[in-house]
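Undergrad: sequence and predicted structure, then a few things I'm wondering about:
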Amino acid sequence: MYPIEDFAGVKALLKSLNLATYNSAMNIKVDEASGLTTLNLDLMQSFAVAMAVYFLGVWMKKKISVLERFCIPAPVAGGFVFAILHLIVRQTMNFSLGIDTTFQSPFMMVFFTTIGLTASIELIKKGGLGVIIFWVLASILCVFQDAIGLALAKVMGANPLLGLICGSITMTGGHGTGAAFAPKFAEMGLDGANVAAMAAATFGLVSGSIIGGPIGATLIRKNNLKSKAAEYTNQEVTLESEKEEINVDEVLKTLTIILISIAIGAVVSIPVKKAGITLPAYVTAMIVASILLNVGESTKMWHVNQKASSFLGTLSLNVFLSFALTGMQLWQLAEVAGPMMVILVAEVVFMALFAYFVTFKVMGSDFDAATIAAGHCGFGLGATPNGVANMTSVQEEFGPAPRAFFILPIVGAFLIDFTNSLIITIFVNIAQTMM
């Protein structure tokens, strides 16, 4: 009666059998207005899907050499395939999966805390000036992003606020900054500001993941650059690190230090928040981890196993990214059309050129600079974790760049937010004069 190949027929069959109880147990919901059927996966089901997506990416990188050559992270490779298939099924069958991304934030916290566990005093001294220089570079990029958005919006006769939505608000700022400014822009007369912000941020997130690895790899190969990790650690530390072993006890000890850092960081963030300072929770955890590392090294009261920390960092990053890419809703990009698409493409092209010709040169034209250039594409188009993922992918292919892994997260995580907010405010005032 109901052809099994016809999804509408399957839904009609379920309805005719009065399987409301089954639907409830399976958490299946149907939108009465659109007819969209959504199967909401629970926490562990979502985890299973995310891990399947990750290993799909691993398999793809083994089979498709260009993915390996251009340092495309496995979660990104697998995530795109899943997101595209999800989009096709949603558009053709009116069926969607609801992914529970609860685990995404904790794994992101663990990952950034492991970065703090690599920030020894000596490394901070090595990267200190680099942090300031990169902060200035990132701020200059914000100015250009907003200028490009406004200029193109004016040329095409679009709302200048749309140009800003496609500028540093969602490119450098990402989904969080976009969501924060969208209500204000809606009050100022930009219809669909929130949808536009989320779509633009998603476009930036996707684009940053694509171009970062290839840019870093191209710079390294073209200039024949080599990792200089040995310059940031003395021989004694290096030999000690080589003797470190990974076993259950060492991993659990390191995980305990990470969790303590996160717990203390959460307490520290309370007065910071009350002071009106917006600081992501993972930043305070990263800073606390760095303090614990250096106190342990100076007093010899405890030791951080760097191999175990690296293991936990890599694991948590891959899980975090797998959730982020699995939960990505590409159909939001379908709403990005006309002037908005032109502006977004221009922003991506400019980001690639800026990273290749400016970031790389100003940061020293060395291996770390090439790695930072790859990372700049990630957080300059939407998210610091994507920037770090780009750098991790480059590191896995060419070797460690410890200075880069300290500089970019600090600037991308919170320093840039201060200058970006000021820059956005200035350009909003300019946009109002153009309306």
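TA: Looks like it came in fine.
Undergrad: do you have the strands of the stretch 51-200 of the chain handy? List them.
TA: Along the stretch 51-200 of the chain, the segments classed as strands by DSSP state E, counting those that start in this stretch run 95-98.
Undergrad: following the worst-scoring helix or strand of the chain on mean pLDDT, which helix or strand shows up next?
TA: Sorting the helices and strands of the chain by mean pLDDT, DSSP states H and E puts helix 235-243 at the bottom, at a mean of 48. Using DSSP states H and E, the helix or strand that directly follows helix 235-243 along the chain is helix 248-274.
Undergrad: and that next one, what other elements does it pack with?
TA: helix 104-116, helix 281-299, helix 306-326 (3 or more CB pairs under 8 Å, 6 or more residues apart in numbering; DSSP states H and E). C-beta: built from backbone N, CA, C; applies to glycine.
Undergrad: so can I have JSON lines of these showing mean neighbour count and distance to Cys377?
TA: Listed next are the helices and strands packed on helix 248-274 as JSON lines, based on neighbours: other CB atoms under 10 Å; distance: least, CB to CB, whole Å:
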{"stretch": "helix 104-116", "mean neighbour count": "23", "distance to Cys377": "19"}
{"stretch": "helix 281-299", "mean neighbour count": "20", "distance to Cys377": "21"}
{"stretch": "helix 306-326", "mean neighbour count": "23", "distance to Cys377": "15"}
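Undergrad: and the ones you listed as TSV, adding mean pLDDT?
TA: Below are these laid out as TSV (pLDDT from 0 to 100):
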stretch	mean pLDDT
helix 104-116	86
helix 281-299	86
helix 306-326	88
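Undergrad: could you dump those helices into TSV and include distance to Glu32?
TA: Compiled in TSV, the helices and strands packed on helix 248-274 are given as follows (distance: least, CB to CB, whole Å):
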stretch	distance to Glu32
helix 104-116	30
helix 281-299	38
helix 306-326	27
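Undergrad: quick one: which of the ones you listed is nearest Ala369?
TA: Closest approach to Ala369 among the helices and strands packed on helix 248-274 is made by helix 104-116 (18.7 Å; CB to CB).
Undergrad: contacts for that closest one, please.
TA: Applying CB atoms under 8 Å, 6 or more residues apart in numbering, the external contacts of helix 104-116 come out as 258, 261-262, 265, 281-283, 285-290, 293, 309-310, 312-313, 316-317, 319-320, 323-324, 327, 385, 388, 405-406, 409, 413.
Undergrad: again, only this time at 7 Å
TA: When contacts are defined by CB atoms under 7 Å, 6 or more residues apart in numbering, helix 104-116 is touched by residues 258, 261-262, 281-282, 285-287, 289-290, 309, 312-313, 316-317, 319-320, 323-324, 385, 405, 409.
Undergrad: try stretch 377-394
TA: Here stretch 377-394 makes contact (CB under 7 Å, 6+ apart) with 71-73, 108, 138, 141, 170-172, 174, 201, 204-205, 207-209, 211-213, 215-217, 317, 320-321, 348, 351-352, 355, 371, 374-376, 401, 404-405, 408-409, 412-413.
Undergrad: likewise for stretch 204-223?
TA: 69-72, 76, 170-171, 348, 352, 355-356, 360, 367, 370-371, 373-375, 377-378, 380-383, 386-387, 390, 393-394, 397-398.
Undergrad: returning to what we had before: out of the helices and strands packed on helix 248-274, which is closest to Ile132?
TA: Using CB to CB, the helices and strands packed on helix 248-274 put helix 281-299 closest to Ile132, at 17.2 Å.
Undergrad: OK, contacts around Gly35?
TA: Contacts of Gly35 by CB under 7 Å, 6+ apart are Asn94.
Undergrad: burial check on Ser269, number of neighbours?
TA: The tally of other residues near Ser269 (other CB atoms under 10 Å) stands at 19.
Undergrad: now do the contacts for the residue nearest to it when sequence neighbours are not counted.
TA: Distance criterion CB to CB, 6 or more residues apart in numbering; nearest residue to Ser269, sequence neighbours excluded, is Thr284 at 4.7 Å. Counting by CB under 7 Å, 6+ apart, Thr284 touches 265, 268-269.
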